[in-house]
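A.B. asks: missing the sequence, but the structure's below:
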């Protein structure tokens with residue numbers, strides 16, 4: 001029997017689930033574990049009051065674990081050690097290595113990489129190479145998965161990203177129960193205020209982690225003299241800016257103190273967005289709330305029905321001046337921000353510009369419905385997870 005060391009699954013994930021995971025990552029990610037990489041882990045989602053966003057991952061983890069156990073002949077032996085969304089931006093790469101060549105990875109037995117967007121469409125570079133064996137090179141395509149043994153039989157590399165953002169869902173599997181991710185996730189979930197009796201949208205608003213976790217490059221996160229805030233950058237590349245319309249003089253007052261950390265702290269407070277020369281009148285509890293709604297808007301825009309409810313007003317001259325000043329503080333390096341989180345070739349032609357004024361209020365309602373649906377699914381599943389001590393799909397048990 002031929003040695004089994006890697007498995008390629010074509011179209012394993014549907015286009016819709018790829019887009020959903022991309023939405024989650026782009027609205028929640030922080031700086032990653034290596035240069036020019038951003039990441040979103042399940043534990044991070046729980047810690048920032050978005051535990052409901054782990055629900056789309058649950059069936060994927062199950063299906064992949066079953067595939068790994070079946071193909072490599074290790075039924076009922078594996079535990080999911082890690083689940084996370086990872087994006088590689090311009091300049092990111094990784095040289096030849098195996099996944100168990102560092103002491104803290106010795107417990108990993110198998111790795112799975114699920115591609116969520118497409119080579120030569122969403123990014124350039126980023127080809128996955130194996131040092132020997134077939135296939136030797138994999139061009140990432142949305143929905144495809146590569147699974148391989150995490151040892152010296154699968155020494156691999158990723159070529160440098162030259163443009164765009166390469167997004168993946170990564171899972172690691174281990175035979176060592178002490179590295180089971182579920183135990184830590186359930187412990188974190190037990191600290192959340194989840195109740196089957198109270199499930200309002202007010203309980204679902206995301207909360208920011210430390211501002212340092214959203215600053216790129218990370219080595220500037222203590223001084224903020226160059227670089228950019230990731231949340232502000234993602235909004236900016238989609239045409240939005242942040243505005244504190246409840247007190248238009250707030251920025252003027254703070255500007256005199258010239259402290260980036262103070263501005264970053266303000267992102268945790270209620271704010272508004274602007275689009276072009278207009279103010280979106282619908283307010284948000286913080287920048288993560290605003291970012292989740294905007295990313296949801298671009299995920300679902302083609303499905304939304306237009307309305308005649310206009311929810312923008314023209315910006316005043318003072319507001320335009322303070323928005324420019326605020327952007328200069330949060331996005332000190334605009335070119336770098338556009339390079340790392342902007343679209344390939346700088347194109348944002350897919351923006352549904354003409355629909356913003358007619359449908360943005362509606363998308364807030366759609367985002368709330370989506371969020372509450374996932375929250376209810378989580379609340380219903382949690383008792384079963386706690387009873388069985390692991391996270392699994394419970395749809396047939398309700």
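C.D. replies: It's in. Keep in mind the model is a prediction, meaning the values are calculated, not measured. Numbers count the residues shown, from 1 in each chain.

A.B. asks: State the distance from the nearest residue to residue 340 once chain neighbours are set aside to residue 202.
C.D. replies: Of all residues beyond its chain neighbours, the one nearest residue 340 is residue 89 (4.2 Å), with distances taken as C-beta to C-beta, 6 or more residues apart in numbering. Using the backbone N, CA and C atoms, a C-beta is placed for each residue, glycine as well. Distance of residue 89 to residue 202, given as C-beta to C-beta, to the nearest Å: 34 Å.

A.B. asks: More neighbours: those two, which one.
C.D. replies: Comparing residue 89 with residue 202 by other C-beta atoms under 10 Å, the one with more neighbours is residue 89, at 24 against 8.

A.B. asks: Would you mind measuring from the more buried one to residue 215?
C.D. replies: Distance from residue 89 to residue 215, by C-beta to C-beta: 15 Å.

A.B. asks: Over to residue 394?
C.D. replies: Using C-beta to C-beta, residue 394 is found at 38 Å from residue 215.

A.B. asks: now do residue 226
C.D. replies: From residue 226 over to residue 215 (counting by C-beta to C-beta), the distance is 10 Å.

A.B. asks: of the two, who's got more company?
C.D. replies: Legend: neighbour count by other C-beta under 10 Å for residue 226 and residue 215, higher for residue 215 (25 against 12).

A.B. asks: any low-confidence regions in the stretch 101-250 of the chain?
C.D. replies: Scanning the stretch 101-250 of the chain for pLDDT under 70 picks out the ranges 101-106, 195-198, 245-250.

A.B. asks: can you give me the helices for it?
C.D. replies: Per DSSP state H, counting those that start in this stretch, the stretch 101-250 of the chain has helices spanning 181-190, 230-237, 250-255. These are given in chain order.

A.B. asks: Can you get me a residue count around the closest residue to residue 139 other than its chain neighbours?
C.D. replies: Once flanking residues are discounted, residue 139 sits nearest to residue 119: 4.5 Å by C-beta to C-beta, 6+ apart. When neighbours are counted by other C-beta under 10 Å, residue 119 registers 19.

A.B. asks: swap in the one 4 residues further on?
C.D. replies: Residues near residue 123, counting by other C-beta under 10 Å, number 23.

A.B. asks: how close does it sit to residue 136?
C.D. replies: In this view, residue 123 and residue 136 are 20 Å apart by C-beta to C-beta.

A.B. asks: One more: residue 230?
C.D. replies: Distance from residue 230 to residue 136, by C-beta to C-beta: 34 Å.

A.B. asks: Pick out whichever of the two has more residues nearby.
C.D. replies: Neighbours were counted for residue 230 and for residue 136 using other C-beta under 10 Å; residue 230 has more, 22 against 11.

A.B. asks: just checking, that one touches residue 218?
C.D. replies: No - contact criterion C-beta atoms under 8 Å: residue 230 and residue 218 do not qualify, at 10.5 Å.

A.B. asks: shared neighbours of those two, anything?
C.D. replies: Each of residue 31 lies in contact with both residue 230 and residue 218 under the rule C-beta atoms under 8 Å, 6 or more residues apart in numbering.

A.B. asks: now the helix or strand that residue 26 is a member of: how far from the chain's centre is it?
C.D. replies: Per DSSP states H and E, residue 26 falls inside helix 15-28. Taking C-alpha atoms, centre = their mean, to the nearest Å, one finds helix 15-28 lying 7 Å from the centre of the chain it belongs to.

A.B. asks: partner strands of the helix or strand just after it, parallel or antiparallel?
C.D. replies: Tracing the chain C-terminally past helix 15-28 and defining elements by DSSP H and E, one meets strand 30-31 next. In the sheet, strand 30-31 lines up against strand 37-41 (antiparallel) (DSSP bridges).
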